[in-house]
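**Q** sequence unknown, structure follows:
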């Protein structure tokens, strides 16, 4: 019904010499050459040079523009071999400014690492236009899908677990969420789906995975926010080696799928004792670049380039063993009942032997991307001071909101 | 190193007559026939009849057992045509009880809908063993992956947005999360990733999607908890029809992939006016089971079997239009600045025209599964009283926890 020409993606223009096109995107660069204005227009697929008359000089860098024009071969001496569209240019017939850009608050022509973190994250929506950040976030999406494909192929089921849950006794501090229906009582945000995934083994799913948001109220470090994503998986009827083999297979397939490099055909396996003796640490770097050893425990860590990339174990699936473990850790019967009573009960209704792992997705993607900080592979990470990217939180709330949940500022 | 026979999945035994196998799973049913005990063993792939001596009578229903035995053809008169393993049975040589089951708190041989909700969800890990629930949760996983495949094929990028964010002015009540580093200040849990996904359009990703956990502190109804999953997507350089076509294409592909039924080859499109005149409602059921009309707005809803399955719009991407919209809604300049100031600023740095949709995943899966309640397609939904499944939350917290975040019970 509409006579307008459909949008052509910029990468497609490379082979469209002689055709009329409409392209849309951001003004990447602008050069005024007397009567002619040269613009590089950028969309998600690439950049292309557009040549127009003087008036186009009004366009500001990073403005969003729709350009109608003819794709033409460039004169031989003007061909740019560095970019896919370097043999052609767009002869601009008309253009519309879809959104005019004011001067940007941060620079985009560097890697951005020199910019103060608070400023970079306040303007994350501009910072993410950087080609490095575009590449990182797109790599993360591809890697997630490659991991999923490898897991689904192995009969894993993706299952979501709740965000509002109960405080756990172990690990880090919980974030708490006041209940409006039961003032004075609180939910907790999940530090990991540990209990739920074990309950899914009780429920008979046998193989579960999830990309889980894990929230921990820990003291912040430069490279760590409160919220991280875990590749969380659990398997039934397995012993340690089966879990380790599965993890190795899944990671290898996914890394290869996204073009990542593996030093070893097979992951080398070290005992804790070996690692401490050979490397003085249980997180060691094999790159400065192999031997198998005896089983000493049912716990295992995945270590990559000297950084912990995941940790898991074969769990206690018999109630009496689970209870004994907590007793050894120093908990009283009452404390045990309160925090894992539901697990002890669940394990009395037919729970298979099971084990699994939780792996830091952010860290794995950072390693694949060659980034030092996990924040470089997250769209909207927190600042080191706990401020949310772009949005100004935490923030004050109204008296009414506090009253609704039965709380007062102390 | 280990001489034990690897586990055989139960479905595989159907064609293994004459072979020795080790199978593992749950005791589905048990029948004592004098000197012989008959057990149906169940794993994620199916059930098989196992015949053993009297001693096996000690096994309780739903116990987890490992059985070693010989796969044998059943006598012709004992063949069961109703199940894939009905031509064979396992002649038990030995067995190990991996986890003994006490008497179950809820029945598993019905559809479970007759059981009181609080009880069903308290024992969700047993309830999920029900074949209906296994099918539903596995269908959900398959449908999610089918949607993802359809979106990734169309060049969408999966991007995660934060769980700890800022309170929004619109929509339902926010869940609030006290900050320990800034006592008296609060994060909010996301009601949807609405602002973040629009900022991702500013950031140049052009096509974004995510399965997003949305948390709303609303009054509970039988069919609604606080936490639901949204198939959230946003597209740049599009008008209304392009978004609607994309959604239609994605949903169709995913529904067909999981074996769902579509009444119409093309989704019928109704204006609000038409729907109200013809059906007296804007959520109508076409099953009792088509005409296109003129554009009256840039908003659109996806309606399925009389239920709203999603809603979206083409957004205001120019700061002056966005500001004017809020003014018409009655907000003061100060309120506008406080709640969407960051959006107004973002839209001044080159934001493309964009639009998208948020669709209720739970509802779509429930419709595909033929379930009335979305809780039937969620692993761990909340009870109608806001209690978490299995775990006893919301719960009291310690004085120390409250003090750390600078709060008192009012």
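**A** Here it is on my side, so go on. All values reported here derive from a predicted model rather than from experimental measurement.
**Q** Write out the residues of the stretch 251-400 of chain A neighbouring chain B.
**A** A:317-318, A:342, A:346-353, A:378-380, A:382, A:385-386, A:388-397 (C-beta under 8 Å from any C-beta of the partner chain). Where you see a C-beta, it was placed from the backbone N, CA and C, and this is true even at glycine.
**Q** In helices only, show me these.
**A** Within those, residues falling in helices by DSSP state H are A:342, A:346.
**Q** Just the buried ones from the residues of the stretch 251-400 of chain A next to chain B?
**A** A:317-318, A:342, A:346-353, A:378-380, A:382, A:386, A:388-391, A:393-395, A:397 (16 or more other C-beta atoms under 10 Å in any protein chain shown).
**Q** secondary structure element for residue A:41?
**A** strand A:36-43 (DSSP states H and E).
**Q** ok, then the element right after that strand?
**A** Per DSSP H and E, the first helix or strand lying C-terminal to strand A:36-43 is strand A:46-53.
**Q** buried residues in that following strand?
**A** Using 16+ other C-beta under 10 Å as the test for burial, strand A:46-53 gives A:46-52.
**Q** could these be laid out in TSV, adding distance to residue B:235 and pLDDT?
**A** Listed next are those as TSV, based on distance: C-beta to C-beta, whole Å; pLDDT from 0 to 100:
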residue	distance to residue B:235	pLDDT
A:46	19	97
A:47	21	97
A:48	21	98
A:49	26	97
A:50	23	98
A:51	29	97
A:52	27	95
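**Q** Please enumerate the strands of chain A.
**A** Listed in chain order, the strands of chain A (DSSP state E) span A:20-33, A:36-43, A:46-53, A:64-73, A:88-99, A:157-158, A:176-178, A:186-188, A:207-215, A:227-236, A:299-304, A:307-314, A:354-360, A:407-409.
**Q** quick one: residue A:145 and chain B, what's the gap?
**A** 6 Å (C-beta to the nearest C-beta, to the nearest Å).
**Q** Could you dump the strands of chain A into CSV with distance to residue A:199 added?
**A** What follows is the strands of chain A, written out as CSV (distance: least, C-beta to C-beta, whole Å):
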stretch, distance to residue A:199
strand A:20-33, 48
strand A:36-43, 46
strand A:46-53, 48
strand A:64-73, 49
strand A:88-99, 49
strand A:157-158, 14
strand A:176-178, 21
strand A:186-188, 16
strand A:207-215, 10
strand A:227-236, 10
strand A:299-304, 21
strand A:307-314, 16
strand A:354-360, 11
strand A:407-409, 31
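**Q** who wins for proximity to residue A:108 among the ones you listed?
**A** Residue A:108 lies closest to strand A:20-33 among the strands of chain A, at 8.8 Å (C-beta to C-beta).
**Q** ok, now how distant is residue A:79 from residue A:339?
**A** Using C-beta to C-beta, to the nearest Å, we find residue A:79 at a distance of 69 Å from residue A:339.
**Q** any idea how far the closest residue to residue A:12 other than its chain neighbours lies from residue A:88?
**A** Setting aside the residues directly before and after it, residue A:12 is nearest to residue A:45 in space (C-beta to C-beta, 6 or more residues apart in numbering or on different chains), at 7.4 Å. The gap separating residue A:45 from residue A:88 is 14 Å, by C-beta to C-beta.
**Q** what residue ranges in the stretch 151-300 of chain A are flagged as low confidence?
**A** Low-confidence segments of the stretch 151-300 of chain A (pLDDT under 70): A:169-171, A:222, A:282-288, A:290-292, A:294-297.
**Q** got the residue ranges for the helices in it?
**A** With DSSP state H, counting those that start in this stretch as the criterion, the stretch 151-300 of chain A has helices at A:194-202, A:240-257, A:272-279.
**Q** Can you add mean neighbour count and give these back as JSON lines?
**A** Output for the helices of the stretch 151-300 of chain A, formatted as JSON lines (neighbours: other C-beta atoms under 10 Å in any protein chain shown):
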{"stretch": "helix A:194-202", "mean neighbour count": "26"}
{"stretch": "helix A:240-257", "mean neighbour count": "18"}
{"stretch": "helix A:272-279", "mean neighbour count": "14"}
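**Q** give the contact list for residue A:72.
**A** Residues in contact with residue A:72 (C-beta atoms under 8 Å, 6 or more residues apart in numbering or on different chains) are A:17-18, A:88-91.
**Q** can you count the residues close to the spatially closest residue to residue A:368 that is not a sequence neighbour?
**A** Leaving aside its chain neighbours, residue A:368 sits nearest to residue A:260 (4.8 Å; criterion: C-beta to C-beta, 6+ apart). Residues lying near residue A:260 (other C-beta atoms under 10 Å in any protein chain shown) number 19.
**Q** List the backbone torsions phi and psi for residue A:260.
**A** Dihedral pair for residue A:260: phi -80, psi 170, per degrees, to the nearest 10.
**Q** Roughly how far does it sit from residue A:192?
**A** 25 Å.
**Q** re earlier: what about the strand holding residue A:41, near chain B?
**A** Yes. Strand A:36-43 reaches chain B (C-beta under 8 Å from any C-beta) through A:42-43.
**Q** Relative to the whole chain's centre, how far out is that strand?
**A** Distance, stretch centre to chain centre, for strand A:36-43: 32 Å (C-alpha atoms, centre = their mean, to the nearest Å).
**Q** Could you do stretch A:363-376 as well?
**A** Stretch A:363-376 has its average C-alpha position 9 Å from the chain's average C-alpha position, going by C-alpha atoms, centre = their mean.
**Q** Please parse chain A into its domains.
**A** A:10-99, A:117-317+A:352-404 (automatic domain parsing).
**Q** which of these sits most buried?
**A** Ranked by mean neighbour count, the domains of chain A are led by domain A:117-317+A:352-404 with a mean of 19 (mean count of other C-beta atoms under 10 Å in any protein chain shown).
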